[in-house]
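[1] sequence and predicted model, in that order:
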Amino acid sequence: MPRRLNDGEPGRFTATTLLVIGLISCLIVYAVFSAVLRPQDHTLDSAVRITDSQDQGRLATAGDGGGCCRGVENLELWGPAVKWGTDFKFYSSEECCKACKVMCSGNDGPCLCDSWVFCGNKEACGSKFGECWLKKQKDVLVPDSQEGGQKVLWTSGLIFGQGEGIVGFETEHGVLHVKLHPECAPHSVYYILSLLTLSHCAGCQFHRAEKRGSYWDSEGNHVNNAPYGPPYAMIQGILQPEGDMFSPIPTEHCPTISRGSVAWVGSGPEFFISLANHHEWKQSYTVFGSILPEDMDIAERIAGLSTRADVWNSVNVSVLEKPVSLAVRRMKAGREQGDTGS
Ligand SMILES: *[C@@H]1O[C@H](CO)[C@@H](O)[C@H](O)[C@H]1NC(C)=O
């Protein structure tokens with residue numbers, strides 16, 4: 001099973017100090033900007049932030065995808081509206097999300113709606129309760145947001161159409177293209193998008209590599225009567241720039257892990273890419289993306305690098321002798337993010 005590395009103690013003090021300094025700076029900047037730049041009211045073009053708990057219990061039970069429609073609470077996404085919420089209302093964020101998704105189901109070109117903003121807290125929203133704003137971002141990988149912390153009423157989500165929402169995990173062995181799943185794991189995807197805005201991801205790397213061995217076939221299916229590892233048919237790493245604060249990611253959609261699934265170990269920033277269909281792991285991990293099938297040979301190559309034995313929480317693991325650095329990159333610019341060029 002994927003395991004958490006033991007946290008290192010050094011650096012914690014520095015991190016805390018930096019956090020405090022960071023928070024204070026943010027507050028000052030926020031105070032100045034909200035005074036100077038704040039729009040008069042949340043009208044038209046600004047839409048989203050949301051708090052809404054109705055998503056719970058309506059999670060898709062289907063595998064990757066289809067059924068999820070979730071967003072991030074207390075987040076307001078901006079951007080031009082393609083449908084104004086003043087007279088477009090629903091009872092749940094899920095319905096609002098679906099309304100956006102419907103506009104994005106064509107096979108031709110980019111989505112007409114790629115983001116939605118919903119006001120779901122009856123008391124706090126007042127007359128805005130139920131408003132569902134459908135939006136189109138200038139750049140869906142860098143959504144235009146106004147984060148307002150707890151008091152933000154709105155809940156927002158992203159929808160990526162075919163060929164959109166693909167980022168690259170770039171390594172010396174090739175680029176792993178990852179299709180992100182914002183409707184199922186919106187908090188996770190929002191975090192990954194935040195990594196795109198950084199100039200580097202120092203410290204981001206793969207450090208554990210375990211082959212399929214003879215236990216799973218090349219399609220990831222378990223071989224009858226074979227053990228379930230070790231080796232565990234996965235590569236594991238960390239997605240956190242050195243020195244940056246990391247807020248644990250809440251548990252999101254946890255389908256059965258299949259070959260190509262990209263998932264957090266616990267609440268991150270440790271993550272793994274599965275080389276096999278791990279039914280035996282049950283539904284224990286938040287899956288936020290999938291590796292494009294044609295890139296699985298790169299994952300296999302990393303899994304085949306030389307390793308040494310180690311024991312993490314009493315699990316025998318294989319740790320890469322030389323960790324593989326990784327950078328999170330947007331793929332070629334252009335309207336479609338999804339081209340497979342590498
Ligand atoms: C872990 O490795 C040790 C030493 O190689 C071995 O004795 C033990 O059986 C292994 N445990 C499992 C669960 O494979």
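    Thanks, I have the structure now.
[2] now for Ile257: which residues touch it?
    For Ile257, the contact set (CB atoms under 8 Å, 6 or more residues apart in numbering) comprises Ala263, Ser274, Asn277, His278, Trp281, Tyr285, Val287. Where you see a C-beta, it was placed from the backbone N, CA and C, and this is true even at glycine.
[3] mind pulling up the phi and psi values for Tyr191?
    Main-chain torsions, Tyr191, degrees, to the nearest 10: phi -70, psi -40.
[4] quick one: contacts for it?
    Ile249, Gly268.
[5] got the contacts of Ile257 as TSV, with secondary structure columns?
    Shown next, in TSV, are the contacts of Ile257 (DSSP: H, G, I helix; E, B strand; the rest coil):
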residue	secondary structure
Ala263	strand
Ser274	strand
Asn277	coil
His278	strand
Trp281	helix
Tyr285	coil
Val287	strand
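[6] for this structure, which strand is longest?
    strand 315-325 (DSSP state E).
[7] moving C-terminal of that strand, what's the next helix or strand?
    strand 327-330 (DSSP states H and E).
[8] neighbouring strands of that following strand in the sheet, and parallel or not?
    Partner strands for strand 327-330, per DSSP bridges, with pairing direction: strand 166-171 (antiparallel).
[9] what is the mean pLDDT for the partner strand?
    Strand 166-171 carries an average pLDDT of 96.
[10] quick one, what contacts Gly304?
    By CB under 8 Å, 6+ apart, the residues touching Gly304 are Ala209, Lys211.
[11] on that earlier part again, residues in contact with the longest strand of the chain: which ones?
    1, 3, 171-173, 204-210, 230-232, 237, 302, 305-311.
[12] now, which of these lie within helices?
    Ile302 (DSSP state H).
[13] now list the buried members of the contacts of strand 315-325.
    Among the contacts of strand 315-325, those that count as buried by neighbour count (16 or more other CB atoms under 10 Å) are 1, 3, 171, 173, 204-210, 231-232, 237, 302, 305, 307.
[14] tell me the SS of Lys98?
    helix.
[15] quick check: closest non-adjacent residue to it.
    Cys69 (5.3 Å; CB to CB, 6 or more residues apart in numbering).
[16] my read: the one you found touches Ser92, true?
    No. Cys69 is beyond contact range of Ser92, at 9.3 Å (criterion: CB atoms under 8 Å).
[17] looking at these two, which is more packed in?
    Set Cys69 next to Ser92 and count neighbours by other CB atoms under 10 Å: Cys69 wins out with 26 against 19.
[18] Asp217 and Val223 touch, don't they?
    Yes. Counting by CB under 8 Å, Val223 is a contact partner of Asp217 at 6.2 Å.
[19] contacts only, for Cys132.
    Cys132 neighbours (CB under 8 Å, 6+ apart): Lys83, Gly85, Phe88, Lys89, Phe90, Glu95, Cys96, Ala99, Trp116, Val117, Phe118.
[20] and those residues, which are buried?
    Buried among those (16+ other CB under 10 Å): Lys83, Gly85, Phe90, Glu95, Cys96, Ala99, Trp116, Val117, Phe118.
[21] give me the subset of those lying in strands.
    Among those, the residues falling in strands (DSSP E) are Lys83, Trp116, Val117, Phe118.
[22] all helices for the stretch 51-200 of the chain, in order.
    93-102, 122-125, 186-196 (DSSP state H, counting those that start in this stretch).
[23] neighbours of the residue lying closest to Cys104 once chain neighbours are set aside, just the number please.
    Among residues not flanking Cys104 along the chain, Cys111 sits closest, at 3.3 Å (CB to CB, 6+ apart). A count of nearby residues for Cys111, using other CB under 10 Å, gives 23.
[24] check Arg301 too.
    15.
[25] now do it, the pLDDT please.
    Note on Arg301: pLDDT of 98.
[26] in stretch 286-304, what's buried?
    Those would be 286-292, 295-296, 298-300, 302-303, for stretch 286-304 by 16+ other CB under 10 Å.
[27] and which of those is nearest Ala185?
    Nearest to Ala185 among the buried residues of stretch 286-304: Phe288, at 3.9 Å, using CB to CB.
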